[in-house]
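Asks: Got a sequence here, can you model it:
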Amino acid sequence: MSMTMKDYSEKRDFHRMRINTEIQVTDDQGRQFSALCKDLSGTGMLLHLPDPMDEGSEIHTLMPSPNDQFPAFETISKVLRCSPEGDGYLIGLSIIKVKT
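Replies: A predicted model of the protein is given here:
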């Protein structure tokens, strides 16, 4: 199938997984927030935060593992977009580095 025949959702290099799980966020000023990670892909994630974040800022994220056999998922990410949503803000992130 050619790329022109694929619908938009198939054009992504990485599929988005809807996860709706709690994640901890530390901004570039050291402030910490609890957020909801709504979806995750190989290159980014979408968070719902109570406060806005500046586009272009770098943040640290930590998603605890529900299983002791697996480590927490920890990243350094860049804020690509921020838009109001309900009682908070949707923050689109690009993952710069996955910490190990």
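Asks: most centrally placed residue in the protein?
Replies: Closest to where the C-alpha atoms of the chain average out (CA atoms, centre = their mean) is Met45, at 2.5 Å.
Asks: mind checking the SS state of that one?
Replies: Secondary structure, DSSP: H, G, I helix; E, B strand; the rest coil: Met45 is strand.
Asks: quick one: it and Ala35 touch, right?
Replies: No - in this structure Met45 lies outside contact range of Ala35 using CB atoms under 8 Å: 9.9 Å. Where C-beta positions appear, they are placed from N, C-alpha and C, glycine not excepted.
Asks: what bridges to the residue nearest to the centre of the chain?
Replies: Leu40, Leu93 (DSSP bridges).
Asks: Please tell me how far it sits from Asp51.
Replies: Separation of Met45 from Asp51 (CB to CB, to the nearest Å): 17 Å.
Asks: try Gln29
Replies: For Gln29 relative to Asp51 (CB to CB), the value is 12 Å.
Asks: quick one, which of the two is more surrounded?
Replies: Asp51 (13 against 6; other CB atoms under 10 Å).
Asks: Thr26: neighbouring residues, count only.
Replies: 13.
Asks: what's the answer for the one 4 residues further on, then?
Replies: The burial metric for Gly30, expressed as a neighbour count using other CB under 10 Å, is 7.
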